[in-house]
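A.B. asks: turn this into a model:
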Amino acid sequence: MFDAYNHCDLERFGAYFASDVEFYHDQGGLMRSRENVVEATKKYICGKVHRELVEGTLQTFQMKGYGAVQLGSHRFCEIGASKCGGVARFVHLWQNEGGAWHVTRVISYDHQAIP
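C.D. replies: All right, here's what the predicted structure looks like:
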């Protein structure tokens, strides 16, 4: 997912999400739909920033009968900048339906500037 996001491969990026995904963002509010998430990524991210996982922060736990929950932290880095300028935490709720995995809920929070 990070690779598709960072390379602005919006078709591949969108395919990770359920059509009715709910994306909660502490700065931007709630988005409801894959199309809204992809359009916001295109408008605010593509060609401007990339994100990288903060090493050692990714945790994944099984959610019996549903799928998995994934938690971690990531840095946001402006394209061409020598260092990253922000960090945030995320929660992804993944649903497994018949072997197909899709993110149904995202919580993106605790956005902070890196001093």
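A.B. asks: output the longest strand seen in the chain in CSV with nothing but the alpha carbons.
C.D. replies: Taking DSSP state E as the criterion, the chain has its longest strand at strand 100-113. Presented in CSV, the C-alpha positions along strand 100-113 are these (Å, rounded to 0.1, in the frame of the first residue of the first chain):
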residue,chain,number,x,y,z
ALA,A,100,-9.4,-11.1,-0.6
TRP,A,101,-8.1,-8.5,1.8
HIS,A,102,-9.4,-4.9,1.9
VAL,A,103,-9.1,-2.0,4.4
THR,A,104,-12.5,-1.2,5.7
ARG,A,105,-11.5,1.4,8.3
VAL,A,106,-8.6,3.8,8.7
ILE,A,107,-7.8,6.0,11.6
SER,A,108,-5.0,8.5,10.9
TYR,A,109,-4.1,10.5,14.0
ASP,A,110,-1.5,12.3,16.2
HIS,A,111,-0.1,14.3,13.3
GLN,A,112,3.0,16.2,14.5
ALA,A,113,5.8,18.2,13.0
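A.B. asks: can you give me the buried ones in it?
C.D. replies: His102, Val103, Thr104, Arg105, Val106, Ile107, Ser108 (16 or more other CB atoms under 10 Å). Quick note: C-beta positions are derived from backbone N, CA and C, even for glycine.
A.B. asks: mind checking pLDDT for Val49?
C.D. replies: At Val49, the model reports a pLDDT of 94.
A.B. asks: do Ile114 as well
C.D. replies: At Ile114, pLDDT is 87.
A.B. asks: check the burial of it by counting its neighbours.
C.D. replies: Burial measure for Ile114: 11 neighbouring residues, criterion other CB atoms under 10 Å.
A.B. asks: quick one: the longest helix along the chain to strand 100-113, angle?
C.D. replies: In the chain, taking DSSP state H as the definition, the longest helix is helix 34-44. Using axes from the mean of the first three to the mean of the last three CA atoms, to 10 degrees, the direction of helix 34-44 lies 40 degrees away from that of strand 100-113.
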